[in-house]
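> Quick check, what structure comes out for this input:
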Amino acid sequence: MDKDKRKELPEAKSSVTYSVTTKDGFNALFTVRDDSGSTLLKAMELIEKELVDKGYKPQVRYSKQAPKEKDWLKTPCPKCGNRVYHVKTKTGKEFDTCENRKWDFSTSKNVGTCDYIKWKDDEKKEDSFKDDTESEVEEIF
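Next comes the predicted model:
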């Protein structure tokens, strides 16, 4: 389209942009502009009712994830007696920790009232050590 043929629209004082999916699965994005915010709000009510009636669904761009449920263990904390839960990090490391242990990522320090943590790698090392010593003992006898 030639720039000369294009009609320049004045800047609207109020606008709303809708991002929707049609009932056939197509994505659509459109903006409604008005000089008055109160007029735009009335228009939005009509537009949204019409979109719902025609089967359009809003596109959710960002949604906050629900917090993960903690995997509580049956054994109490050996240091303070409170509940212990299992954690798996994004990198795949696993550990059990007390509910009163609170980690401050900005200072890289525990700010909670308990410092109990048991890494699963430590258990594997202990198990492999036991296996090694058992095989050494078997070789001797």
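> rest of the way, CA atoms for contacts and neighbours
OK.
> just checking, residue 83 touches residue 96?
No - contact criterion Cα atoms under 8 Å: residue 83 and residue 96 do not qualify, at 10.3 Å.
> Compare the two (neighbour count), which wins?
Using other Cα atoms under 10 Å, the more surrounded residue of residue 83 and residue 96 is residue 96, with 19 against 16.
> where does that one fall, helix, sheet strand or coil?
At residue 96 the chain is in strand, as set by DSSP: H, G, I helix; E, B strand; the rest coil.
> Was I right to think it contacts residue 86?
Yes - judged on Cα under 8 Å, residue 96 makes contact with residue 86 at a distance of 4.4 Å.
> what helices or strands is the one helix or strand residue 33 maps to leaning on?
Using DSSP states H and E, residue 33 falls within strand 27-34. With contacts taken as 3 or more Cα pairs under 8 Å, 6 or more residues apart in numbering; DSSP states H and E, strand 27-34 sits against strand 14-21, helix 37-53.
> ranking these by burial, who's on top?
With neighbours taken as mean count of other Cα atoms under 10 Å, the helices and strands packed on strand 27-34 reach their highest mean count in strand 14-21, at a mean of 15.
> Show the average pLDDT along that one.
Taken as a whole, strand 14-21 has a mean pLDDT of 90.
> Give the residue spans of this protein that score low on pLDDT.
Applying pLDDT under 70 to the chain flags the ranges 1-6, 62-63, 122-141.
> Can you give the domain ranges for it?
The record's domain parsing of the chain by automatic domain parsing lists 14-58, 71-140.
> who wins for proximity to residue 64 among those?
Each of the domains of the chain has some distance to residue 64 by Cα to Cα; the shortest is domain 14-58, at 16.2 Å.
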